[in-house]
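Trainee: Need the 3D shape of this:
(2 chains)
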Amino acid sequence: MGQDAFRQALAGNGVPRGGAIGYLCSYTPEELILAAGLQPVRLFPPGGPPGPADTYLQSFACPFARGCLDAALRGEWDWLAGVVFPYTCDSLRAVAEVWRMYLPARSLFFINLPLRVEGEAAQEYAAREFERFRRWLEGVAGGPVVADAIHSAVRLAGSLREALAGSGLAGRPFLEAAMGAQVMDRLAALELLALPDEAGVAGGTRILVAGGALETPVVLRELELAGAAVVGDDLCVGSRYVALGGAWGDVPPPNPVAELARAYLARLPCPAKHPAWRRLDALLEQVAALRAEGVVFLLQKFCESHAFDLPYLRAGLAARQVPSLALELEQGTLPRGQTRTRVEAFLETLGGGDRR
Amino acid sequence: MTGRLKTDGRLKAMLVAHYRDAFLARRRRRPVAWVTSGAPVELLHALGILPVYPENFAAVAASRHLAVELCEAAEAAGYSPDLCSYARTSIGSMLTGQGPLKGKALPEPDLLFAASNICGVVVKWWEVVARHYRVPLFILDFPFVSERLTAHQVDYVRRQLEEAIAFLQAQTGRQLTRGALAARLRLSAEAVALWNQVQLCRRAAPCPVGALDAFTNLFPMVTLRGTRACVDYLRRLCREVEGRVARGEGAVQGERYRLIWDNIAIWHAFGLIRYLHSRGASFVGETYTWAWGEYEFGPEDLHDPLGSLATQYSQVILNIDLGRRLERLLHMVKGQRADGVLFHSCRSCKTYSLGQLPLAREIGNRLAVPSLLLEADMADARAYSEGQARTRVDAFLEVLDSRRNGSCRASG
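Mentor: Numbering: from 1, shown residues only, chains lettered A, B, ... in the order given. Below you'll find the model as predicted:
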């Protein structure tokens, strides 16, 4: 299925050197970027030790956010025509602010998303923000972003998401494909997904991973080496990106931008926008559907939205006899030896073994 | 040294009365709402709802050195030590029933009201409280003001305010009248005007009010804004401060350095401020205490109270972009004739703290005013070392001295 191509895309090879818009967070309506004739490129910071961002952000900023600023300050994303920050958390908001002040040459757009996602007022407000974003894209692209183009883009992105959901991939191969697809030309990604499947779910104890953003899917390797078979995820770089509902038919809706805003607000619950009980319901559904034996939370250090939900989610899972483990990511990685020991011990409590 | 303000003596009584009212509210059939510090509290007062502030409660716990124990209780329940220490203090107190109010926790809420204009954290924190007490929660979402406040942002907040009124009325069975809301806005406006008058008096040299008084006198502005008691107290405070200015009295003996404080106070370490005072450093302003002077409701606002609430509460210091925050800080440094800025880099409060490094850099570049970034936490004393803080303060004051001596030589 072209796993190598997805990995290469994630490694930064084959990325277009013009006409691309970088974005952070899966609440960015990539369909509007596509409709503008530009390539949406989700930004994953390269990880590694702290860099120049240290001069602008204290050590208690989430490492994902710091990593983004590091990459920008090092000029690693200078080839982008613009960058989009949707409002999801206070740390990324701070990065956007520093970016605006010290990297003025890079065109930046802040989609001021509502914090509430339910109710008519939030829907209308979000639609107006998406409309503002559409107008900004017109300025970057140098031409209008019309309803037909949005319709085509929604169908392309929808096809890609369907292909990912129906790929039969799981765990690391799935994340490689999903994250790779988010940085590639979307048509090329769709073609890769049409190739015969090479990867299956490896043997091991069936685990669901949950959390927010990851810098790289390689981090799942630590779980696999300890004996876990990652059968699914509740990550914003994986299944939460894929599961955007509202596939459109042949006829575009009367107000495509508003329709798109509705779809984004109704997507799988993210802790930055939804209460924990909604996330627990979604997690339990996934655990049951995938016959997962346990859940491993992969959380960015200092990520408050996830950290607030964690005790409730773990208690809710435990009440239904689903054990869980929480691991903290720093600079995109998990501490090696310690993680292996903890995951092995966790898997042993589940019964362990090479079960499918 | 003139010492602490005399009006301070009344503060303790006001604090006790406020919390006594909260404990007696149920018996008096008065609904209690737990609210965030950035909530448009005038609405609640106009409906006869008693607002109670978990943030203030956490600050009281920290000042009485009880917060660490409560944070640890929250951590034992699975809440990360990296989470906001106000939230951990509040959650720990909720879980244990312990707290600084004669050993007790806050009285249980009848309803919850959280506004996102101070951070996204409060929304998650209030969700925890709602689950614990099984009480209804209203979240008032204030979109971030990036560059300028737009008409559709105001419209969105206004519509939510209408929803909030319907929610509060449904929960309490009370009806909001236009007259009651206008009366509360007038009281808020009076309080804000008096508070700003006190802050302006701090331009005087020597500065009549130090940081200890400013931080503690914030209590009525935060918790009683929109009440007659708040206005009465501030009028007394204003008189006393103006008297000090007229007599040339300063809060610090031999005022040598004029500093601005950025961020929430380190409630458990007022000793650091006393130490600074002892070294001749006077605080002539705090961005935190000034933030409560930003709700300026004029007579024209009474024609469209919800639009005014939406506009005013959207543009609080923690909900505006870094460029505007810098403008406010530059204005404050110049207006108060400050020699330096002390940034409390508070690991609990990301919205306040992330952005301080660029602010410090710009203050230096544009005004040649030096700054000190001090790592600490508003409530969790484990993230603070008094010895290290004093060493860094000493070094900072030496920098200020050397600059002063340098400029004397240059001008001489």
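
Trainee: contacts, neighbours, all on C-alpha from now
Mentor: Will do.

Trainee: Residue nearest the middle of chain A, spatially speaking?
Mentor: residue A:237 (2.3 Å; CA atoms, centre = their mean).

Trainee: okay, and for the stretch 201-350 of chain A, where does confidence drop off?
Mentor: Across the stretch 201-350 of chain A, the ranges flagged by pLDDT under 70 are A:201-202, A:245-247.

Trainee: and it, which residues reach chain B?
Mentor: Residues of the stretch 201-350 of chain A lying near chain B by CA under 8 Å from any CA of the partner chain: A:272, A:275, A:301, A:302, A:304, A:305, A:307, A:308, A:309, A:310, A:311.

Trainee: burial count for the third one?
Mentor: For residue A:301, the number of neighbouring residues by other CA atoms under 10 Å in any protein chain shown comes to 21.

Trainee: ok, it - contacts?
Mentor: Taking CA atoms under 8 Å, 6 or more residues apart in numbering or on different chains as the criterion, residue A:301 is in contact with A:62, A:63, A:328, A:329, A:330, B:82.

Trainee: out of those residues, which is most surrounded?
Mentor: Neighbour tally across the contacts of residue A:301 (other CA under 10 Å): the maximum, 26 neighbours, falls on residue A:63.

Trainee: Going along the chain, name the helices of the stretch 1-150 of chain B.
Mentor: Secondary structure of the stretch 1-150 of chain B (DSSP state H, counting those that start in this stretch): helices at B:8-24, B:42-46, B:54-63, B:67-76, B:85-96, B:121-133.

Trainee: Can you show me the strands along the stretch 151-300 of chain B?
Mentor: B:257-262, B:281-286 (DSSP state E, counting those that start in this stretch).

Trainee: Also the stretch 51-200 of chain A?
Mentor: Under the criterion DSSP E, counting those that start in this stretch, the stretch 51-200 of chain A contains strands at A:82-86, A:108-111.

Trainee: what helices or strands is the last one leaning on?
Mentor: Think strand A:108-111. Under the contact definition 3 or more CA pairs under 8 Å, 6 or more residues apart in numbering or on different chains; DSSP states H and E, strand A:108-111 sits against strand A:82-86, helix A:90-102, helix A:120-141.

Trainee: Which secondary structure element is home to residue B:357?
Mentor: Using DSSP states H and E, residue B:357 maps to helix B:356-367.

Trainee: Name the residues of chain B found near chain A, please.
Mentor: For chain B, the residues in contact with chain A (CA under 8 Å from any CA) are B:77-80, B:82-83, B:116, B:119-121, B:124-125, B:127-128, B:139, B:141-144, B:146, B:152-153, B:156, B:159-160, B:321-323, B:347, B:350-351, B:353-358.

Trainee: now these: which count as buried?
Mentor: Neighbour counting by 16 or more other CA atoms under 10 Å in any protein chain shown classes B:78-80, B:82-83, B:116, B:119-121, B:124-125, B:127-128, B:139, B:141-144, B:146, B:153, B:156, B:159-160, B:321-323, B:347, B:350-351, B:353-358 among these as buried.

Trainee: which residues sit against the helix holding residue B:357?
Mentor: Contacts of helix B:356-367 with the rest of the structure, by CA under 8 Å, 6+ apart, involve A:55-58, A:98, B:322, B:326, B:330, B:341, B:343, B:345, B:369-373.

Trainee: Looking at those, spot the one nearest residue A:317.
Mentor: Residue A:317 lies nearest to residue A:58 out of the contacts of helix B:356-367, by CA to CA, at 34.4 Å.

Trainee: Now for the closest one: which residues touch it?
Mentor: Neighbouring residues of residue A:58 by CA under 8 Å, 6+ apart: B:353, B:354, B:357.

Trainee: try 7 Å
Mentor: Residues near residue A:58 by CA atoms under 7 Å, 6 or more residues apart in numbering or on different chains: residue B:354.

Trainee: try the one 4 residues further on
Mentor: With contact taken as CA under 7 Å, 6+ apart, residue A:62 is in contact with A:91, A:300, A:301, A:302, A:303.

Trainee: need those residues in JSON lines with secondary structure and distance to residue B:104, can you?
Mentor: Supplementary listing: the contacts of residue A:62 in JSON lines, determined by DSSP: H, G, I helix; E, B strand; the rest coil; distance: CA to CA, whole Å:
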{"residue": "A:91", "secondary structure": "helix", "distance to residue B:104": "34"}
{"residue": "A:300", "secondary structure": "strand", "distance to residue B:104": "35"}
{"residue": "A:301", "secondary structure": "coil", "distance to residue B:104": "33"}
{"residue": "A:302", "secondary structure": "coil", "distance to residue B:104": "30"}
{"residue": "A:303", "secondary structure": "coil", "distance to residue B:104": "31"}
